[in-house]
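[1] starting from these lines, generate the structure:
(one chain, ligands or ions: 2)
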Amino acid sequence: MEKLIITAAICGAEVTKEHNPAVPYTVDEIAEQAYGAYKAGASIIHLHVREDDGTPTQSAKRFDACIKAIKARCPEVIVQPSTGGAVGMTNEERLQPVTLNPEMATLDCGTCNFGGDDIFVNTENTIIEFAQKMVPLGIKPEIEVFDKGMIDMAVRLNKKGIIPSPMHFNFVMGVNGGISATPRDLVFMQGSIPSGSTYTVSGVGRAQFQMAATSIVMGGHVRVGFEDNVYLSKGVVAKSNAELVAKTVEIAKLLGREIATPDEARQILGLKK
Ligand code: KMH
Ligand code: ZN
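    Residues are numbered from 1 along each chain as shown. Ligands and ions are numbered 1, 2, ... in the order given. Modelled structure (predicted):
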């Protein structure tokens, strides 16, 4: 089986220090959390950034500062900026990190309820616009899907030549408004992507490690981190993203799956040189 790529989603846009005091806001905190996650076994850092007071921002300047601080501590790691940003941001705001020409960036492939009155909006035209900004630069899109219909959207855009093959998906499972985090649904999602695609699984909340284990067994990859879950186990708040990555490494070892280095992840995902 292919080596396991672990992505650490260290920060997110919605989770706060009230949820877990270790959620990073400052450039230094972000770099520290990224470094810890990398040392524990993550090859990709999925990156959102914040102002010092925790307000989510997509500022290119702030992304640049955070990426430089991360790379100063772990030059090898893959940094994957979010183009999803936070609910309610404009497309223009969200697209800013693409100007930094990263190896990868997220490409959210559909609109989703996000609990309460929140809606994360990604119309077909938005998805096309974002893909057309990334693809010519050789930025590998990680196709974020919160439901099965979003896979179908990506496949349609792939057939039209807007999203290139092979596609790499992130199945975000357990958002309040998206597909549930169950093995049955993961089998359904995996069976819906074109052969030759790769995928990672982000189990939200208490499902994080159950979905991680299921994906490890199925040959998928795994995302963990504060963006999706702040607990190490029931009632135990994780001290760091590194703890969440270390637990994933432990599960993978028990199940006989080796962990990919960043360079091995680059090869598996076909990232630009
Ligand atoms: N914060 C969510 C609204 C992504 O990074 O591309 C969107 C999100 C997806 O986190
Ligand atoms: Zn994100």
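
[2] how far does stretch 46-64 stretch from one end to the other?
    Start and end residues of stretch 46-64 are separated by 14 Å (CA to CA, to the nearest Å).

[3] and that stretch, how far from the chain's centre?
    Relative to the centre of its chain, stretch 46-64 is centred 16 Å away, using CA atoms, centre = their mean, to the nearest Å.

[4] what does stretch 136-148 give?
    In terms of CA atoms, centre = their mean, the centre of stretch 136-148 is found 10 Å from the chain centre.

[5] what about that stretch, near ligand 1?
    Yes: using CB under 6 Å from any ligand atom, stretch 136-148 comes into contact with ligand 1 via E144. Using the backbone N, CA and C atoms, a C-beta is placed for each residue, glycine as well.

[6] cool, and stretch 80-99?
    Yes: Stretch 80-99 reaches ligand 1 (CB under 6 Å from any ligand atom) through S82, T83, G84, A86, V87.

[7] and F209, what element?
    For F209, the host element (DSSP states H and E) is helix 208-218.

[8] contacting residues around that helix?
    Residues outside helix 208-218 that contact it (CB atoms under 8 Å, 6 or more residues apart in numbering): 4, 173-174, 181, 183, 186-187, 190, 199-203, 221-222, 224, 228-229, 231, 244, 247-248, 251-252, 255, 257.

[9] which non-adjacent residue is nearest the residue in the chain that ligand 1 sits nearest to?
    Closest contact between the chain and ligand 1, by CB to the nearest ligand atom, is at G84 (2.6 Å). Spatial nearest neighbour of G84, chain neighbours left out: D108 (4.9 Å); criterion: CB to CB, 6 or more residues apart in numbering.

[10] which residues in this protein form strands?
    Taking DSSP state E, the strands of the chain run over residues 6-9, 44-47, 49-50, 56-57, 78-81, 104-108, 112-113, 119-120, 140-145, 168-173, 198-203, 221-224, 231-233, 236-237.

[11] quick one: those as CSV, columns for distance to K71, mean neighbour count and mean pLDDT too.
    CSV is the format used below for these (distance: least, CB to CB, whole Å; neighbours: other CB atoms under 10 Å; pLDDT from 0 to 100):
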stretch, distance to K71, mean neighbour count, mean pLDDT
strand 6-9, 15, 28, 99
strand 44-47, 10, 28, 98
strand 49-50, 14, 25, 98
strand 56-57, 19, 20, 98
strand 78-81, 7, 24, 98
strand 104-108, 14, 25, 98
strand 112-113, 32, 20, 97
strand 119-120, 29, 18, 98
strand 140-145, 18, 25, 98
strand 168-173, 22, 26, 98
strand 198-203, 22, 24, 98
strand 221-224, 20, 28, 98
strand 231-233, 27, 15, 98
strand 236-237, 29, 11, 98
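
[12] let's have the ones you listed in JSON lines, adding distance to M153.
    As requested, the strands of the chain are exported to JSON lines (distance: least, CB to CB, whole Å):
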{"stretch": "strand 6-9", "distance to M153": "22"}
{"stretch": "strand 44-47", "distance to M153": "21"}
{"stretch": "strand 49-50", "distance to M153": "27"}
{"stretch": "strand 56-57", "distance to M153": "25"}
{"stretch": "strand 78-81", "distance to M153": "20"}
{"stretch": "strand 104-108", "distance to M153": "10"}
{"stretch": "strand 112-113", "distance to M153": "12"}
{"stretch": "strand 119-120", "distance to M153": "14"}
{"stretch": "strand 140-145", "distance to M153": "8"}
{"stretch": "strand 168-173", "distance to M153": "12"}
{"stretch": "strand 198-203", "distance to M153": "15"}
{"stretch": "strand 221-224", "distance to M153": "20"}
{"stretch": "strand 231-233", "distance to M153": "32"}
{"stretch": "strand 236-237", "distance to M153": "36"}
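
[13] measure N241 to A37 for me?
    The spacing between N241 and A37, counted by CB to CB, to the nearest Å, is 4 Å.

[14] mutual contacts of the two, please.
    A8, I10, G225.

[15] bridging residues for the first one?
    This points to A8. Beta-bridge pairing for A8 (DSSP bridges): I45, V224.
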